[in-house]
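Asker: I'll drop the sequence and a predicted model, then ask my questions.
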Amino acid sequence: MKIATFNVNSVVRRLPNLVAWLQSAKPDVICLQELKADDTKLPREALASAGYRGVWRAQKTWNGVAILMRGAEPILTRDVLPGDPADPQARYIEAACKGVLVGCLYLPNGNPQPGPKFDYKLAWFERLIKHARALKKSGAPVVLAGDFNVVPTDADIYPTKSWGDDALLQPESRAAYKKLLRQGWTDALRAIHPDAPMYTFWDYKRLRWQRDAGLRIDHLLLSPDVAKRLVDAGVDRHVRGVEGASDHAPAWIVLRDLR
């Protein structure tokens, strides 16, 4: 079973790239972030023609998340992160997919920091930590996948000091990620590639793709029973290099099928 996550940075604008990658990589489940489209603009028919049906939490402009499944429709379990019923931002969706509960998330960026956007990021992170604890306690096989907007360690960014003030690298952001992992989640990319650079994001500015000046901010976290099934993980870097690409590349895992 192959599960992937991809911040598409506009599902309408990147649709040809997305469909081409889906047809090549053939993930069983794909979590999408930054749809940047309302319900009326979602390319459901085009994706269905490619073999994928999904559940969506659409939002115009910057947010929006979705979970697509090949050959069947995911079973929606929730489309909002618990903890703040007044939060209007579409950043979390969860569905049952072929025996695995998949949570797709787009954690707030938090810039500029300090300030209200960074405060929102940390508050959202705490809500995620609380919900993740409940998911793990439930005993369900769970994958939390998406754009976490946090660079966990200095090994997850190219050698530089230029990002020092960015919200993605702040001690509070990294501490929240570590707090989440301490619940017993496995960072799949690091489990398979403990030392190699596994960048998933290259900013459009300053020729960062051309210089391989990347960051690892897209993660797949596995509950203990799912982690036992992990056989491979990686990043499809080449997707970032095609014409009209998102500034992210898809990250993925392969799980051994249950017998």
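Answerer: Arrived safely.
Asker: which parts of the stretch 1-150 of the chain are strands?
Answerer: 2-7, 29-33, 52-57, 65-70, 75-78, 92-97, 100-106, 142-147 (DSSP state E, counting those that start in this stretch).
Asker: give me the contacts around the longest one.
Answerer: Spelled out, it's strand 100-106. If you take C-beta atoms under 8 Å, 6 or more residues apart in numbering as the criterion, strand 100-106 is touched by 1, 3, 5, 7, 29, 31-34, 63-67, 74, 77, 81, 91-96, 128, 131-132, 135, 140-149, 226, 255. Using the backbone N, CA and C atoms, a C-beta is placed for each residue, glycine as well.
Asker: and the residues you listed, which are buried?
Answerer: 1, 3, 5, 7, 29, 31-34, 63-67, 74, 81, 91-96, 128, 131-132, 135, 141-149, 226, 255 (16 or more other C-beta atoms under 10 Å).
Asker: sorry, back to before: let's have the strands of the stretch 1-150 of the chain in CSV, adding mean pLDDT.
Answerer: Shown next, in CSV, are those (pLDDT from 0 to 100):
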stretch, mean pLDDT
strand 2-7, 98
strand 29-33, 98
strand 52-57, 98
strand 65-70, 98
strand 75-78, 98
strand 92-97, 98
strand 100-106, 98
strand 142-147, 98
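Asker: turn these into TSV, columns for distance to Pro43.
Answerer: Shown next, in TSV, are those (distance: least, C-beta to C-beta, whole Å):
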stretch	distance to Pro43
strand 2-7	14
strand 29-33	11
strand 52-57	10
strand 65-70	10
strand 75-78	19
strand 92-97	17
strand 100-106	17
strand 142-147	20
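Asker: which strand residues bridge the residue nearest in space to the middle of the chain?
Answerer: Geometric centre of the chain, nearest residue: Gly146, 1.1 Å, by C-alpha atoms, centre = their mean. Beta bridges link Gly146 to Leu105, His219 when assigned by DSSP bridges.
Asker: Asn7 now?
Answerer: Beta-bridge pairing of Asn7 under DSSP bridges involves Gln33.
Asker: in the chain, which helix is the longest?
Answerer: helix 116-138 (DSSP state H).
Asker: CA atoms only: put it into PDB for me.
Answerer: In PDB, the C-alpha atoms belonging to helix 116-138 read as follows (Å, rounded to 0.1, in the frame of the first residue of the first chain):
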ATOM      1  CA  PRO A 116      -0.400  36.600  15.800                       C
ATOM      2  CA  LYS A 117       0.300  34.200  12.900                       C
ATOM      3  CA  PHE A 118       3.100  32.500  14.900                       C
ATOM      4  CA  ASP A 119       0.800  32.300  17.900                       C
ATOM      5  CA  TYR A 120      -1.900  30.700  15.700                       C
ATOM      6  CA  LYS A 121       0.700  28.200  14.400                       C
ATOM      7  CA  LEU A 122       1.600  27.000  17.900                       C
ATOM      8  CA  ALA A 123      -2.000  26.900  19.100                       C
ATOM      9  CA  TRP A 124      -2.900  24.800  16.000                       C
ATOM     10  CA  PHE A 125       0.100  22.500  16.700                       C
ATOM     11  CA  GLU A 126      -1.200  22.000  20.200                       C
ATOM     12  CA  ARG A 127      -4.600  21.000  18.900                       C
ATOM     13  CA  LEU A 128      -2.900  18.500  16.500                       C
ATOM     14  CA  ILE A 129      -0.900  17.100  19.400                       C
ATOM     15  CA  LYS A 130      -4.000  16.600  21.500                       C
ATOM     16  CA  HIS A 131      -6.000  15.000  18.600                       C
ATOM     17  CA  ALA A 132      -3.000  12.800  17.700                       C
ATOM     18  CA  ARG A 133      -2.900  11.500  21.300                       C
ATOM     19  CA  ALA A 134      -6.500  10.600  21.000                       C
ATOM     20  CA  LEU A 135      -6.000   8.800  17.700                       C
ATOM     21  CA  LYS A 136      -3.100   6.800  19.000                       C
ATOM     22  CA  LYS A 137      -5.000   5.900  22.200                       C
ATOM     23  CA  SER A 138      -7.900   4.600  20.000                       C
END
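Asker: where are the low-confidence patches of the protein?
Answerer: Along the chain, segments meeting pLDDT under 70 span 259.
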